[in-house]
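Enquirer: Below: sequence and its predicted model.
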Amino acid sequence: MGVRTWIEGWPAYRQATGPDRTGRGAAVKSAESSRLTPRTADAEVVVKSVCPYCAVGCGQDVYVRDGKVVQIEGDPDSPVSRGRLCPKGSASLQLTTGSARRYEVLYRRPHGTEWEPLSLDEAMDMIADRVIAARRDGWQWATDDGKRLRRTLGFASLGGATLDNEENYLIKKLFTALGAVQIENQARI
């Protein structure tokens, strides 16, 4: 390859000497980049979703091929984010398909040093038993002077900002019905 051929292959040279002075067209294209295809080109389905990380609610397009998520990008139709995602939102693919993702409930016993897998049914039963016991042990019917309370200080709720309004509404209703008074959300802290 001669020096002239090498220099003419340079995008800056093509930009300076050709009609594409702004460098946004043919001047910056290479033979290699023209052979590339987007990762989303062969997706079978595009599902609209919302980023799971914070309470902003940025829109996401989830690209699916063969029943598996292959790419997640910002949704340009979203009025919230207009196709943009923050660094955490851009890493949503790793959250769904990453090798570190766990598909089982892990439990560490009191004073234990190791995590052990539990079935979902067993974990849900443990949580229900503990809520019932905390409610029973911390229940207050009335103050010492007879003022009616009907509440428990045995547990509290701290909701996450990744939940939507409907989920937070249901959680608030559940914990209020259980008698809890300390109900808060991460988005307000």
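Expert: Received it, and whenever you're ready, just let me know what you need.

Enquirer: For the helix or strand hosting Ile72, which residues meet the burial criterion?
Expert: Using DSSP states H and E, Ile72 maps to strand 68-74. Buried positions in strand 68-74, judged by neighbour count with 16 or more other CB atoms under 10 Å: 69-74. Where C-beta positions appear, they are placed from N, C-alpha and C, glycine not excepted.

Enquirer: pLDDT on it, on average?
Expert: Mean per-residue pLDDT for strand 68-74: 91.

Enquirer: helices or strands next to that strand in the packing?
Expert: With contacts taken as 3 or more CB pairs under 8 Å, 6 or more residues apart in numbering; DSSP states H and E, strand 68-74 sits against strand 59-65, helix 92-97.

Enquirer: Just give me the longest helix of the protein.
Expert: helix 120-138 (DSSP state H).

Enquirer: Relative to the whole chain's centre, how far out is that helix?
Expert: Relative to the centre of its chain, helix 120-138 is centred 27 Å away, using CA atoms, centre = their mean, to the nearest Å.

Enquirer: mean confidence score for it?
Expert: Per-residue scores along helix 120-138 average to 94.

Enquirer: Next SSE downstream of it?
Expert: Heading C-terminal from helix 120-138 (DSSP H and E), you reach strand 139-142.

Enquirer: So what touches that following strand?
Expert: 148-154, 179 (CB atoms under 8 Å, 6 or more residues apart in numbering).

Enquirer: gap between the residue nearest to Gly159 when sequence neighbours are not counted and Asp137?
Expert: By the measure of CB to CB, 6 or more residues apart in numbering, the closest residue to Gly159 outside its immediate chain neighbours is Asn185, 4.2 Å from it. With the distance defined as CB to CB, to the nearest Å, Asn185 ends up 25 Å from Asp137.
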